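[1] Turn this into a model:
(one chain, ligands or ions: 2)
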Amino acid sequence: MSAREIENMEAINAELRQWCHELPKVELHAHLNGSIRDSTLLELVNKHGDNGVLISKDVEQMILEKGTSLRKCFELFAVYHVLATDHETVKRITKEAVEDFAADNCIYLELRTTPKKNEAKGMTKRSYMDAVIDGLKAVDTVDVDLCGCELTNKKNGDWRRKKIFVRLLLSINRSEATSAAIETVNLAMEMKDMGVVGIDLSGDPTVGQWDTVLPALEHARKLGLPVTLHCGEVRNSKEIQAMLDFNPQRLGHVCLLAEEDWERLKSLMIPVEICLTSNIMTQTIPLIEYHHFADLYKSKHPLSLCTDDTGLFSTTLSNEYYKAAVTFGLGKEEMFKLAQEAVDFVFANEDVKKHLAQNYEEAKARIL
Ligand SMILES: CC(C)=CCNc1ncnc2c1ncn2[C@@H]1O[C@H](COP(=O)(O)O)[C@@H](O)[C@H]1O
Ligand SMILES: [Zn+2]
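    Ligands and ions are numbered 1, 2, ... in the order given. This next block holds a predicted model:
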């Protein structure tokens, strides 16, 4: 390739990256503690690091190696949870996460987090969630709509100020006992008027038993709370089949499904949250070109591109769209449609969906 051709290609790629940034996006799979900024993490390490629990140098090394295997990720999450255990920090990381997604032109964010108890800090699952809500109220670069009302007032009546709809999912960690998982579901129900719209099942996929969490997920269903499950991050056919039997509103990842489970997923048409960078960095999928996005997309299976953990994997939702475009050869119209269709899978109500649909209608004229 000549220098001129390389230059042309670079210009085209830069233009595509910018277009992906400008595209209004819907984020359905983002973990709060996985979305902590590197700069904040390092600040927290320096502040709390050498307190006998964590050694700053070790943590810095872990941050350098972050996201390079499933094991390393979960080791780092244990560190994140030591660093971000007080109410002030939970508030801060929530504020920053929302501001970062808004700066990336996300117009709807479903942020998920595992409510945590920390007796030493006087933290209950409820007070943890109150700190999250405080973080949403503290956002000041963008107007936040939580539960149908705006938390922040339009600054100086500026109608051009950006707006982001934020809804919350409460995560059940796979290693939790049934009683703790049920407590999380009850908390979600209690906070339904405060922007909580559903339940997620996540955590180290090599730990925990489906039968332990099933009663809590069934409880959520009885209460009318939508559920999304992390599915197929490791090969575990029995569990994958049980998850498909449960038939949740959405599934995340679906990486390592056996042929018959794959066919069943497709016939059930359960919307899938696709996390390209996460799956590659954790080596769950060996090469992006082999990613199951291609098969699902070709089959017109309902799906949505997501980040999983922007901090851990140093990615943004725009970057996920860019990667999909260059790897699978999608044009701008196809990318636009992909982003727009994610509106159908949000757990928020019809009013929000209407607003989002209108946003896409307006954006069409602007960027297509
Ligand atoms: C990290 C990794 C191997 C990537 C695959 N993706 C994941 N799979 C399962 N659970 C996850 C993943 N990313 C984040 N989580 C869950 O989200 C938590 C962090 O966010 P939070 O504390 O709930 O606010 C982690 O402790 C973990 O329980
Ligand atoms: Zn996840």
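[2] tell me the contacts of the closest residue to H301 other than its chain neighbours?
    Spatial nearest neighbour of H301, chain neighbours left out: K266 (5.8 Å); criterion: C-beta to C-beta, 6 or more residues apart in numbering. From N, CA and C alone the C-beta is placed, and that goes for glycine too. Counting by C-beta atoms under 8 Å, 6 or more residues apart in numbering, K266 touches 296, 299, 301.
[3] Quick one: end-to-end distance for stretch 293-304.
    Terminal residues of stretch 293-304 are spaced 10 Å apart (C-alpha to C-alpha, to the nearest Å).
[4] which residues are contacting it?
    Defining contact as C-beta under 8 Å, 6+ apart, one finds that stretch 293-304 is touched by 26, 28-29, 265-266, 269-274, 276, 324, 328, 338, 341-342, 344-345.
[5] Out of the residues you listed, which sit inside helices?
    Within the contacts of stretch 293-304, residues falling in helices by DSSP state H are 265-266, 276, 324, 328, 338, 341.
[6] Please indicate which of these are buried?
    Those of those that meet the buried threshold are 265-266, 276, 324, 328, 338, by 16 or more other C-beta atoms under 10 Å.
[7] Quick check: K300 is in a strand.
    No: K300: not assigned to a strand; according to DSSP: H, G, I helix; E, B strand; the rest coil it is coil.
[8] and the gap between it and ligand 1?
    Counting by C-beta to the nearest ligand atom, to the nearest Å, the separation of K300 from ligand 1 is 26 Å.
[9] How about K323?
    For K323, the distance to ligand 1 - C-beta to the nearest ligand atom - is 16 Å.
[10] cool, L44 as well?
    From L44 to ligand 1 the distance is 14 Å (C-beta to the nearest ligand atom).
[11] what does M62 give?
    From M62 to ligand 1 the distance is 13 Å (C-beta to the nearest ligand atom).
[12] what's the neighbour count on that residue?
    17 (other C-beta atoms under 10 Å).
[13] My read is that it contacts F74, right?
    No: at 11.4 Å, M62 does not count as touching F74 under the criterion of C-beta atoms under 8 Å.
[14] ranges for the strands of this structure?
    For the chain, the strands defined by DSSP state E occupy 25-31, 106-113, 143-146, 149-150, 163-173, 196-202, 227-231, 250-253, 272-274, 303-305.
[15] got these as a markdown table, with distance to ligand 1, mean pLDDT and mean neighbour count columns?
    A markdown table is the format used below for these (distance: least, C-beta to the nearest ligand atom, whole Å; pLDDT from 0 to 100; neighbours: other C-beta atoms under 10 Å):
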| stretch | distance to ligand 1 | mean pLDDT | mean neighbour count |
| --- | --- | --- | --- |
| strand 25-31 | 4 | 99 | 26 |
| strand 106-113 | 4 | 98 | 24 |
| strand 143-146 | 17 | 94 | 22 |
| strand 149-150 | 24 | 72 | 10 |
| strand 163-173 | 5 | 98 | 24 |
| strand 196-202 | 4 | 98 | 25 |
| strand 227-231 | 5 | 99 | 26 |
| strand 250-253 | 7 | 98 | 25 |
| strand 272-274 | 10 | 99 | 26 |
| strand 303-305 | 15 | 98 | 23 |
